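1. give me a model of this one.
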Amino acid sequence: METAIAFWNILKKDIHNYYLKPPNISWGIIFPLSWTLMQLVRSPGNVEIIELLPGLMAMSILFGTTSMLAVTITFEKRSRSFDRLLLAPISISTLVFAKLSGAIIFGMVNAFVPVAFAANFADLSGTYWPLVIIAVFLIALTSALLGLLIAVSAKEVFEAQTFSNFFRFPMLFLCGLFLPIERLPGILKAISFCLPLTYGTDTLNGAIRGSSIFNTSFNIFIMLMFSALLFYLCHRNIQRNWIL
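-> Predicted structure coming up:
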C-alpha cells in the first residue's frame with residue numbers, strides 16, 4: 001500500500017508541476033499537427049494520410065516522451081528534489097516507474113492527436129485498435145526509458161536535449177516512419193533493426209495499414225526485450241551516479 005501511495009504521489013506531482021503546464025499542452029497538440037500538415041504539403045501527388053499516420057504517431061510519442069523527461073529529470077537534479085526522492089523509503093524501481101509514467105501518458109496522448117486529425121480525412125474503420133494501443137504503449141515505454149537514460153547522464157536541460165537529438169533525428173529516417181526500411185542501404189537497414197522504434201512503427205503499420213515486415217508477436221517480444229534492457233541500464237545508472 002505504501003508503495004502504491006508513493007507511486008501515485010510522485011506521478012501526481014509530475015503531472016501537476018510539468019505536464020499540465022500550458023506550454024507543454026500546446027506542444028503536445030501543435031507539434032504533431034504541424035508535422036502532419038508538413039508531410040501532407042510536401043508529399044508529391046495524392047498521398048493518403050493513412051500512409052503517414054503510423055510514422056506521425058511514432059514520432060509524436062518519441063519527441064513527446066524524451067523532451068518531457070529531459071526537462072523533469074534535469075530540473076529536479078538541479079533543484080536537488082530528486083535527491084530527496086532517493087532518500088524516501090521506496091525502491092529505486094518504484095521511483096523509476098513513477099517518473100516514467102507521466103512521460104508515457106503524455107506520449108500516448110500525443111500519439112492520438114494525429115489520429116483525431118486523420119479521422120476527419122480518412123477511413124480508419126479497418127484499423128485494429130487493440131493492437132494500436134499496445135504498440136503506442138510500448139513505443140512510449142521504450143522512448144521514455146531512452147529519455148530517462150539520457151537525462152540521468154546530463155546536467156542541464158540543453159545537454160539532455162542535445163544528446164536526445166543524436167538518437168531522435170536518425171530514428172526519423174532509419175525506423176520506417178516515413179521512409180520504408182526496404183529502401184534503405186544494407187548497412188542502414190542493419191542499424192534500423194537495432195532500434196526499438198523500428199518494431200513499434202512496424203506494429204502500427206500492421207494495425208493501421210495492414211502491412212508489416214515482421215510478425216506482430218515478434219515485434220512485441222523485441223520491444224519488451226528492449227524495455228527490460230533500457231530499464232536495467234536506467235536503474236544501474238541511477239545507482240552509480242546518485243547512490244554510490
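2. I105: neighbouring residues, count only.
-> 19 (other Cβ atoms under 10 Å). Backbone N, C-alpha and C define where each C-beta goes, glycine included.
3. go on, I220?
-> Around I220 there are 18 other residues, counting by other Cβ under 10 Å.
4. what about it, distance to A135?
-> For I220, the distance to A135 equals 8 Å [Cβ to Cβ, to the nearest Å].
5. again, but for S164
-> Here S164 is placed at a distance of 21 Å from A135 (Cβ to Cβ).
6. likewise Y199?
-> Using Cβ to Cβ, Y199 is found at 9 Å from A135.
7. more neighbours, S164 and A135?
-> A135 (30 against 23).
8. just say helix, strand or coil for that one.
-> Classification of A135 by DSSP: H, G, I helix; E, B strand; the rest coil places it in helix.
9. list the residues that contact the closest residue to it other than its chain neighbours.
-> Leaving aside its sequence neighbours, A135 sits nearest to T203 (Cβ to Cβ, 6 or more residues apart in numbering; 4.0 Å). Residues counted as contacts of T203 (Cβ atoms under 8 Å, 6 or more residues apart in numbering) are 131, 134-135, 138, 212, 216, 219-220, 223.
10. also L11?
-> Contacts of L11 (Cβ under 8 Å, 6+ apart): 98, 101-102.
11. what's the single longest helix in this protein?
-> For the chain, the longest helix by residue count, based on DSSP state H, is helix 49-79.
12. all helices for the protein, in order.
-> Remark: helices assigned in the chain by DSSP H are 2-14, 22-42, 49-79, 81-87, 92-118, 129-153, 157-174, 186-192, 196-208, 216-238.
13. single out the most deeply packed of these.
-> Among the helices of the chain, helix 196-208 has the highest mean neighbour count (mean count of other Cβ atoms under 10 Å), at a mean of 26.
14. that one to helix 92-118, inter-axis angle?
-> Relative orientation of helix 196-208 versus helix 92-118 (axes from the mean of the first three to the mean of the last three Cα atoms, to 10 degrees): 40 degrees.
15. using CSV, lay out the contacts of L11 together with pLDDT.
-> CSV is the format used below for the contacts of L11 (pLDDT from 0 to 100):
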residue, pLDDT
A98, 79
S101, 86
G102, 84
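16. now those in JSON lines, with distance to S143?
-> Converted to JSON lines, the contacts of L11 look like this (distance: Cβ to Cβ, whole Å):
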{"residue": "A98", "distance to S143": "17"}
{"residue": "S101", "distance to S143": "13"}
{"residue": "G102", "distance to S143": "13"}
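17. of these, closest to S91?
-> Using Cβ to Cβ, A98 comes nearest to S91 of those, at 10.5 Å.
18. apart from its chain neighbours, what residue comes closest to that closest one?
-> Using Cβ to Cβ, 6+ apart and skipping the chain neighbours, the partner closest in space to A98 is I10 (3.8 Å).
19. pretty sure the one you found is touching L95, no?
-> Yes. Counting by Cβ atoms under 8 Å, I10 does reach L95; the two are 7.0 Å apart.
20. still on that earlier bit, rank the helices of the chain by pLDDT, which is bottom?
-> The stretch with the lowest average pLDDT out of the helices of the chain is helix 81-87, scoring a mean of 63.
21. my guess is L184 meets F193, correct?
-> No. Between L184 and F193 no contact is recorded; they are 10.1 Å apart, counting by Cβ under 8 Å.
22. good, we can wrap up now.
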